[in-house]
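Trainee: fold the following and give me the result.
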Amino acid sequence: MTEITNESSQLQFQCQLQENCIVSLKELFKSYENDEYMLQRIYTHVNNYLPNTLKTEQINHEKRVNRNHYLTNEQQIFIQVFLSKNQYYYLSSNGYFYEYDGKNYFIVKEDDITHKLLSSISKERVLLDWKHKTKINVIKLIKERSLLNSIPETDTIQNVLNFIYPSLFSSKTQAKYFLTIIGDNIFKKNTHLIFFVSQNMKKLMGDLDSVSYLSIGNTITINNFVTKYHENNSYENYRLIKINETFSHELWKDQLKKIGLDLLCVATHYSKRYEDSEKFLENKSDEELKQFALYLRSNNQNKIIETFCESYLNKVDDTNSVIHWKNLHFIWKQFLSANSLPNMIYSNSLKNMLKEFYHYDESNDCFTNLTSKYLPIESDFIKFWEKTIQLVDNGGENDNNDNNDNETFDELEIDELCMLFKIWTHTNSHHEKLISNGNINEESVLKILKHFFPNIEIVENKYVLNVSCHIWNKNAEIEKSFDYIKTQIKTNHTLALISFDDAYNYYYKYCNNEFNKLIVSKRYFEKFLYSKIAKYIVYEKFIETNWVHQ
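Mentor: The predicted structure is shown next:
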């Protein structure tokens with residue numbers, strides 16, 4: 001039916017042309033009806049010149065059509081091959097062009113693409129006449145290829161997975177789940193979900209968000225990664241993510257500079273491949289990851305507290321067995337930490353709910369007839385702290401260039417506290433009624449200090465500032481070693497300077513000679529030198545040997 005209609009239209013068009021030509025000729029004849037010469041010229045043009053002219057034009061037209069057809073064909077082949085060999089992409093959100101070499105993604109300039117394109121056209125030579133037209137078509141096609149729809153090769157995917165597994169995540173499935181979440185956030189899927197993460201991971205996500213903004217002009221919406229619970233949000237919408245907390249933040253930032261764009265492209269690929277993170281948990285996750293990620297969706301507050309009570313607390317008949325609320329709250333934090341869970345219940349709510357399980361003494365703020373196997377080491381450490389540690393007002397840290405020899409400072413390192421606690425425990429195990437054997441790790445000490453002594457200043461999770469211990473007077477011990485160090489300098493050194501390293505080695509030998517088990521760190525030793533003999537220190541790390549005569 002369509003073909004008949006087209007034939008009819010064409011026939012009408014031809015008839016119309018014929019009529020128009022006849023009308024035009026008649027008008028010409030009428031215009032020159034009294035001019036025999038011009039009538040003869042009309043006849044000559046129509047019968048002699050017009051047929052040849054039309055024939056020539058027909059031939060040229062066919063040549064142009066055939067050439068256009070040929071060049072169009074060549075252009076299509078060229079574009080297909082060029083875009084296959086050179087994987088270029090584009091994002092309208094920031095106007096950036098990208099190139100993928102099969103291993104890594106890069107941001108490239110449009111001028112670089114144009115140069116490579118025109119060079120390829122010149123090399124082929126066939127499309128030289130269509131150089132500009134071909135360039136416009138290729139750039140247009142590239143702009144239709146979104147970077148977020150690209151499919152990374154296996155090498156790229158494995159490189160990204162190897163970056164975050166096993167260093168950041170303990171299993172490859174966890175790594176894939178995380179990447180799928182990032183892809184979902186870029187595509188704004190599952191915006192109702194909230195992901196509980198640690199403070200460390202929140203920092204990592206901030207770095208990734210910055211990389212995302214700079215490289216693809218899009219933030220990954222890290223607002224749905226939270227470190228604190230809010231009662232306005234339903235447990236149903238919370239998901240848990242766990243990382244290896246020992247992962248180096250500096251290494252993460254350094255590597256993101258190199259493969260951050262690759263990570264984002266793998267993330268968007270996973271989000272499309274698995275549909276979204278929820279479908280990933282449902283269809284691709286192992287049972288361990290699924291149970292952990294969906295822990296809050298699967299458990300309400302009562303059920304979580306019941307699990308805590310069954311695992312960490314014991315009811316007893318002895319009314320003298322009490323756990324003060326501050327200690328019980330610390331045990332709760334141990335439960336959360338051991339299970340890599342966030343603090344999803346407010347302190348007051350937790351306390352009120354525990355009152356339903358155990359007897360509470362309001363006047364002493366404690367729970368009676370209750371014990372816990374997780375409390376002894378903390379209880380003993382608190383006794384150690386209260387009996388041996390003194391807070392010192394140093395009036396601020398010294399400046400290394402300060403020449404005041406009378407200024408002092410005090411600080412203890414976390415590992416030193418562990419050693420001091422063990423020494424104190426072995427010495428006082430009988431009359432202090434201690435329960436633990438004094439073995440405690442640095443992580444536990446940090447948790448105890450931050451919970452029970454929140455006003456203590458701790459730097460880099462390693463140095464506890466403005467405190468001293470009467471078991472070990474670090475400053476006095478270093479001063480005692482000065483006579484030995486001076487003797488060694490007089491005996492063994494003829495130069496005008498002695499390095500900090502040599503001075504510390506002499507201090508170390510002194511401690512060994514005196515059978516001192518506790519030895520200050522080189523860092524502390526050098527800080528003490530600055531505080532006591534600053535006027536003899538030159539070039540930052542050397543002592544003038546005339547100090548020995550003082």
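Trainee: thought Phe330 was touching Leu449?
Mentor: No: judged on CB atoms under 8 Å, Phe330 makes no contact with Leu449 at a distance of 11.2 Å. The way it works is simple: take the backbone N, C-alpha and C, and place the C-beta from them, glycine included.
Trainee: which of these two has more residues huddled nearby?
Mentor: A count of neighbours by other CB atoms under 10 Å puts Phe330 above the other of Phe330 and Leu449, at 23 against 20.
Trainee: helix or strand for the more buried one, which one?
Mentor: Phe330 is part of helix 325-338, with elements assigned from DSSP states H and E.
Trainee: can you tell me what sits against that helix?
Mentor: Helix 325-338 is touched from outside by 308, 311-313, 323, 341-343, 347, 350-351, 354, 365-367, 370, 372, 374-375, 378-379, 447-448, 451-452, with contacts defined as CB atoms under 8 Å, 6 or more residues apart in numbering.
Trainee: from the contact counts, what lies against whichever strand or helix holds Glu62?
Mentor: Per DSSP H and E: Glu62 is located in helix 50-85. If you count contacts as 3 or more CB pairs under 8 Å, 6 or more residues apart in numbering; DSSP states H and E, helix 50-85 packs onto helix 110-124, helix 131-143.
Trainee: avg pLDDT for it?
Mentor: Here helix 50-85 scores 79 as its mean pLDDT.
Trainee: okay, the angle between that helix and helix 110-124?
Mentor: Computed by axes from the mean of the first three to the mean of the last three CA atoms, to 10 degrees, the angle separating helix 50-85 from helix 110-124 equals 120 degrees.
Trainee: need the nearest residue in space to His451, chain neighbours excluded.
Mentor: In space, and not counting its chain neighbours, His451 is closest to Phe330: 5.0 Å by CB to CB, 6 or more residues apart in numbering.
Trainee: now do the residue nearest to His493 when sequence neighbours are not counted against Thr494, distance only.
Mentor: Of all residues not flanking His493 in the chain, Thr545 sits nearest, at 5.9 Å (CB to CB, 6+ apart). Taking CB to CB, to the nearest Å as the measure, Thr545 falls 9 Å from Thr494.
Trainee: comparing those two, which residue is more hemmed in?
Mentor: Using other CB under 10 Å, the more surrounded residue of Thr545 and Thr494 is Thr545, with 17 against 7.
Trainee: where does pLDDT dip in this protein?
Mentor: By pLDDT under 70, the low-scoring segments of the chain are 1-5, 70-72, 74, 124-128, 220-221, 394-408, 431-433, 435.
Trainee: tell me the contacts of the residue nearest the centre of the chain?
Mentor: The centre of the chain sits closest to Leu204, judged by CA atoms, centre = their mean, with a distance of 3.5 Å. Shown in contact with Leu204 (CB under 8 Å, 6+ apart): 168, 243, 247, 249, 252.
Trainee: which ChimeraX command selects the buried ones in those residues?
Mentor: Only the buried entries of those go into this ChimeraX selection, using 16 or more other CB atoms under 10 Å:
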select :168,243,247,252
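Trainee: mind putting the contacts of Leu204 into JSON lines with secondary structure and distance to Ser210?
Mentor: Listed next are those as JSON lines, based on DSSP: H, G, I helix; E, B strand; the rest coil; distance: CB to CB, whole Å:
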{"residue": "Leu168", "secondary structure": "coil", "distance to Ser210": "17"}
{"residue": "Ile243", "secondary structure": "coil", "distance to Ser210": "18"}
{"residue": "Phe247", "secondary structure": "coil", "distance to Ser210": "18"}
{"residue": "His249", "secondary structure": "helix", "distance to Ser210": "13"}
{"residue": "Trp252", "secondary structure": "helix", "distance to Ser210": "12"}
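Trainee: quick one: which of the contacts of Leu204 is nearest Lys535?
Mentor: Taking CB to CB as the measure, Lys535 lies nearest His249 of the contacts of Leu204, at 38.8 Å.
Trainee: quick one, what contacts the closest one?
Mentor: 200, 203-204 are the contacts of His249 under CB under 8 Å, 6+ apart.
Trainee: that one and Ile243: what is the separation?
Mentor: His249 sits 11 Å away from Ile243, going by CB to CB.
Trainee: what touches both of those two?
Mentor: Common neighbours of His249 and Ile243 (criterion: CB under 8 Å, 6+ apart): 200, 204.
Trainee: same list (the contacts of His249) but as TSV, adding secondary structure and distance to Leu54.
Mentor: Listed next are the contacts of His249 as TSV, based on three-state DSSP; distance: CB to CB, whole Å:
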residue	secondary structure	distance to Leu54
Asn200	helix	83
Lys203	helix	80
Leu204	helix	76
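Trainee: ok, the residues you listed vs Val538, which is closest?
Mentor: Proximity of the contacts of His249 to Val538 was ranked by CB to CB; the top entry is Lys203 with 39.6 Å.
Trainee: against Ser248, how distant is that closest one?
Mentor: Lys203 is 12 Å from Ser248, by CB to CB.
Trainee: the two - which one has more neighbours?
Mentor: For Lys203 versus Ser248, the count of surrounding residues by other CB under 10 Å is larger for Lys203: 14 against 11.
Trainee: contacting residues for the more buried one?
Mentor: Shown in contact with Lys203 (CB under 8 Å, 6+ apart): His249.
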